[in-house]
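1. need the 3D shape of this:
(4 chains)
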2 protein chains.
Amino acid sequence: MATIYEVSALAGVSLSSVSRVLNDHEHVSEKTKKKVAAAMKELGYRPNTIARSLASSRSNSVGVLVSELHGPFFGSMLSAIELELRNAGKHAIITAGHSDEENEIKGLEFLIDRNCDALILLVDAISDDYLIKLSKGKTPFVILNRNISEIRDNCFYLDNELGGYLAAKHLIEQGHKEIAYISGPLSKQDSTERLIGHKKALVEANICFKENLLYEGDYLTESGREGINFLINNKTTFTAIACSNDEMASGAMKGARDHKLLIPEQCSFIGFDNAFFTEYLYPQLTTIHFPVADMAIMSTHWILKHVYKQKELVIKNMFLPNLIERQSIQQY
Amino acid sequence: MATIYEVSALAGVSLSSVSRVLNDHEHVSEKTKKKVAAAMKELGYRPNTIARSLASSRSNSVGVLVSELHGPFFGSMLSAIELELRNAGKHAIITAGHSDEENEIKGLEFLIDRNCDALILLVDAISDDYLIKLSKGKTPFVILNRNISEIRDNCFYLDNELGGYLAAKHLIEQGHKEIAYISGPLSKQDSTERLIGHKKALVEANICFKENLLYEGDYLTESGREGINFLINNKTTFTAIACSNDEMASGAMKGARDHKLLIPEQCSFIGFDNAFFTEYLYPQLTTIHFPVADMAIMSTHWILKHVYKQKELVIKNMFLPNLIERQSIQQY
DNA sequence: CTGTTAGCGCTTTCAT
DNA sequence: ATGAAAGCGCTAACAG
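-> Presented below is the predicted three-dimensional model:
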């Protein structure tokens, strides 16, 4: 592989000049620019990114750490980030933490050690405190899907409460009064926020929230099924179930069918996230759209603006969910 | 950040000794090992991976290039690879080529330029020739889901023909005789292989393959719907449709429902891949299981064996599909 | 078993 | 505008 040294020799200029044209410095004469370009081309020169990175402690790459690599959520997120960075001439280095604090921290350190210019984090296990401390460090970063007040400007998140509210409100508008709720783990911020929004809509409509219509799941399909079993075994009555995400809604729908319930005639469903598979379900699931890709793009804009100095970008941190009407809700 | 130099000073040994313990060299006395370890700990030393990489032209990381980051297929693949490498103390650097030859090649060069010790490629757009040429280069790599005879040992792939065969055979065993087929793009190797297997099963059962029961789709959901519309508009008769992947099967099922067809009573379906969402479909889709994760793991084993010298690993290149029976097929 | 000494390929002052 | 020279933090002969 040709080095900068050979280029400089062939072009008849110094190392520094070659380096300058490589880095688009001003104050380089057109003449040397041309000579260097020609030499590079002739040698098929490709800069050694590792050496550049060592010398400059920059890397033109941003690290992306996610807790899991699979699932509909992460796929569209990663895809959006990668594309946006690539369009800006930067690279994404993606790695996973497998929802385990130790591994997530290892992943973080790996990315920092690789001289990433910035980080995009979509992590569960790492604590707020750790992240706050990390924000004092020298690698800038943004956090997706979390809202930590001390570093709010670096956070990009959904108005989950509004989402929960919109879902319940829609159900109420369709004439439902007995509404069950299958939530995610209430230890998680987004779960509790969604539930708060749900309750708010009930209050507004003078409907009393019944604790025995609440089941706390874990965001996975199976817990949706467990949720509806719980509700039915408890002999509660309800005409609709609001679910805190689409996976659980799909599990609950499957469970409903096992109990010979017609959907939506005997039991309506609303999900949350608008994952791609909601269209595959039968009936297609009415849900709350989570603008995952927009959020991912905005977070990379933050980096382009603050780290790569593309000043003109406008940043917003909070995203708004909206209702997607499909066929899983019965109107009364 | 502390450097190796400070560690050596604090430990009272030379640079090389520190480097040696860092790299687990033999012939280092226990005493110096201890001194160095203590110094490292005291300084919170973390090796600079970039500098190591520059000096040694190794990086302990393998590059993974996929054409797309989203979709069920890639998620489980990436997840398996990342985990397997991590368990071996190596890192994955993941990047995407967005199904475009120029971008895929850029991604490839990025990974090579980052001194990746090896590459795992899951790409569509790059030509066989390019890959064959690349195999002459100094960065070893494996290819997933492709079978290029010149470099077969580096390829990991499914017996697609067997998959197509199993699907059709199952349909036939359930009493179907009029079987339509929605294929992927016939320009792609896996599509044609699956179709060949399909035809083979028909021949075995003395059923004649009718050209007007074949629709060439593009592996996306929508083309499944187009496929069934095509078949119905053509006034062909069929009791079952075999689809070349699950996405198209799901689209076709949706289309069938638009035509008021009962599934499976009036039209049976079988998919291919066993994507996670096939369980969400209603009725749940009978399909051919593609052992994606196994294949991904095996490909990283190849790298662990040939690049990182873990000699004991046994490698196989071809993977076998198998039938997953669910509820989308009517028995006659 | 340990230390000395050149680099790896590039960036970046500092002169000129 | 250009060049010389000193690193960036580490590895890897080589010598002892």
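
2. and for the nearest residue to A:A11 once chain neighbours are set aside, the neighbour number?
-> In space, and not counting its chain neighbours, A:A11 is closest to A:A39: 3.8 Å by Cβ to Cβ, 6 or more residues apart in numbering or on different chains. (C-beta placed from N, C-alpha, C; glycine too.) Using other Cβ atoms under 10 Å in any protein chain shown, A:A39 has 21 neighbouring residues.

3. so A:A39 makes contact with A:V7?
-> Yes: counting by Cβ atoms under 8 Å, A:A39 touches A:V7, with 4.8 Å between them.

4. pull up the overlap in contacts between these two.
-> By Cβ atoms under 8 Å, 6 or more residues apart in numbering or on different chains, A:A39 and A:V7 have these common neighbours: A:V18, A:Y45.

5. quick check, stretch A:87-107 touching chain B?
-> Yes: against chain B, stretch A:87-107 shows contacts by Cβ under 8 Å from any Cβ of the partner chain at A:H91, A:A92, A:I93, A:I94, A:T95, A:A96, A:H98, A:N103.

6. which one of the residues you listed is nearest to DNA strand D?
-> A:I93 (19.2 Å; Cβ to the nearest atom of the strand).

7. centre of the chain to the helix or strand hosting the closest one, how far?
-> A:I93 is part of strand A:91-96 when elements are defined by DSSP states H and E. Relative to its parent chain, strand A:91-96 has a centroid offset of 14 Å by Cα atoms, centre = their mean, to the nearest Å.

8. would you mind measuring from A:T300 to A:L144?
-> Applying Cβ to Cβ, to the nearest Å, the value for A:T300 to A:L144 is 10 Å.

9. so which of those two has more stuff around it?
-> A:T300 (27 against 21).

10. quick one: buried residues of the helix or strand hosting the more buried one?
-> Take DSSP H and E as the rule and A:T300 turns out to sit in helix A:292-306. For helix A:292-306, burial by neighbour count (16 or more other Cβ atoms under 10 Å in any protein chain shown) applies to A:292-293, A:295-304, A:306.

11. tell me what that helix is packed against?
-> helix A:72-87, strand A:118-122, strand A:141-144, strand A:155-158, strand A:318-319 (3 or more Cβ pairs under 8 Å, 6 or more residues apart in numbering or on different chains; DSSP states H and E).

12. can you give me the strands for the stretch 201-332 of chain A?
-> Per DSSP state E, counting those that start in this stretch, the stretch 201-332 of chain A carries strands over the ranges A:214-216, A:240-243, A:268-270, A:287-289, A:318-319, A:322-324.

13. out of the ones you listed, the one nearest B:E204 is which?
-> Closest of the strands of the stretch 201-332 of chain A to B:E204 is strand A:268-270, at 44.2 Å (criterion: Cβ to Cβ).

14. for that closest one, name the packing helices and strands.
-> Using 3+ Cβ pairs under 8 Å, 6+ apart, strand A:268-270 sits against helix A:160-173, strand A:240-243, helix A:246-258.

15. now for those, which one comes closest to DNA strand D?
-> helix A:160-173 (42.3 Å).

16. can you give me the buried ones in that closest one?
-> Neighbour count says helix A:160-173 has A:160-172 buried, by 16+ other Cβ under 10 Å.

17. can I get it in PDB, CA atoms only?
-> Output of helix A:160-173 as PDB, limited to C-alpha atoms (Å, rounded to 0.1, in the frame of the first residue of the first chain):
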ATOM      1  CA  ASN A 160     -44.600   8.900  25.700                       C
ATOM      2  CA  GLU A 161     -47.300  10.400  27.900                       C
ATOM      3  CA  LEU A 162     -49.000  11.900  24.900                       C
ATOM      4  CA  GLY A 163     -48.800   8.500  23.100                       C
ATOM      5  CA  GLY A 164     -50.500   6.800  26.000                       C
ATOM      6  CA  TYR A 165     -53.100   9.600  26.100                       C
ATOM      7  CA  LEU A 166     -53.800   9.400  22.400                       C
ATOM      8  CA  ALA A 167     -54.300   5.700  22.500                       C
ATOM      9  CA  ALA A 168     -56.800   5.800  25.300                       C
ATOM     10  CA  LYS A 169     -58.600   8.800  23.900                       C
ATOM     11  CA  HIS A 170     -59.100   7.100  20.600                       C
ATOM     12  CA  LEU A 171     -60.600   4.000  22.300                       C
ATOM     13  CA  ILE A 172     -62.900   6.300  24.400                       C
ATOM     14  CA  GLU A 173     -63.900   8.100  21.200                       C
END
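
18. what do A:T300 and A:L144 both touch?
-> Counting by Cβ under 8 Å, 6+ apart, the residues touching both A:T300 and A:L144 are A:I120.

19. count of neighbours near A:I105?
-> When neighbours are defined as other Cβ under 10 Å, A:I105 has 18 of them.

20. ok, for it, nearest residue in space, not its chain neighbours?
-> Closest to A:I105 by Cβ to Cβ, 6+ apart is A:I126, at 6.4 Å.

21. how is the one you found assigned, secondary-structure-wise?
-> coil (DSSP: H, G, I helix; E, B strand; the rest coil).

22. quickly find the element holding the residue in the stretch 51-200 of chain A that DNA strand D sits nearest to.
-> Using Cβ to the nearest atom of the strand, the single residue of the stretch 51-200 of chain A nearest to DNA strand D is A:A55, 3.5 Å away. A:A55 belongs to helix A:49-56 when assigned by DSSP H and E.

23. quick one: the strand or helix carrying A:E193 to helix A:160-173, angle?
-> Taking DSSP H and E as the criterion, the element that holds A:E193 is helix A:189-204. Helix A:189-204 runs at 40 degrees relative to helix A:160-173, counting by axes from the mean of the first three to the mean of the last three Cα atoms, to 10 degrees.

24. next, the buried residues of helix A:189-204.
-> Across helix A:189-204, burial judged by 16+ other Cβ under 10 Å covers A:189-195, A:197-202.

25. who touches that helix?
-> Contacts to helix A:189-204, defined as Cβ under 8 Å, 6+ apart, come from residues A:145-147, A:158, A:160-169, A:172, A:179, A:181, A:183-186, A:208-209, A:214, A:219, A:242, A:244, A:272.

26. returning to that earlier point: could I get the buried residues of helix A:189-204 as JSON lines with distance to DNA strand C and pLDDT?
-> Below are the buried residues of helix A:189-204 laid out as JSON lines (distance: Cβ to the nearest atom of the strand, whole Å; pLDDT from 0 to 100):
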{"residue": "A:Q189", "distance to DNA strand C": "40", "pLDDT": "90"}
{"residue": "A:D190", "distance to DNA strand C": "41", "pLDDT": "93"}
{"residue": "A:S191", "distance to DNA strand C": "45", "pLDDT": "95"}
{"residue": "A:T192", "distance to DNA strand C": "46", "pLDDT": "96"}
{"residue": "A:E193", "distance to DNA strand C": "43", "pLDDT": "97"}
{"residue": "A:R194", "distance to DNA strand C": "46", "pLDDT": "98"}
{"residue": "A:L195", "distance to DNA strand C": "50", "pLDDT": "98"}
{"residue": "A:G197", "distance to DNA strand C": "48", "pLDDT": "98"}
{"residue": "A:H198", "distance to DNA strand C": "52", "pLDDT": "98"}
{"residue": "A:K199", "distance to DNA strand C": "54", "pLDDT": "98"}
{"residue": "A:K200", "distance to DNA strand C": "52", "pLDDT": "98"}
{"residue": "A:A201", "distance to DNA strand C": "55", "pLDDT": "98"}
{"residue": "A:L202", "distance to DNA strand C": "58", "pLDDT": "97"}
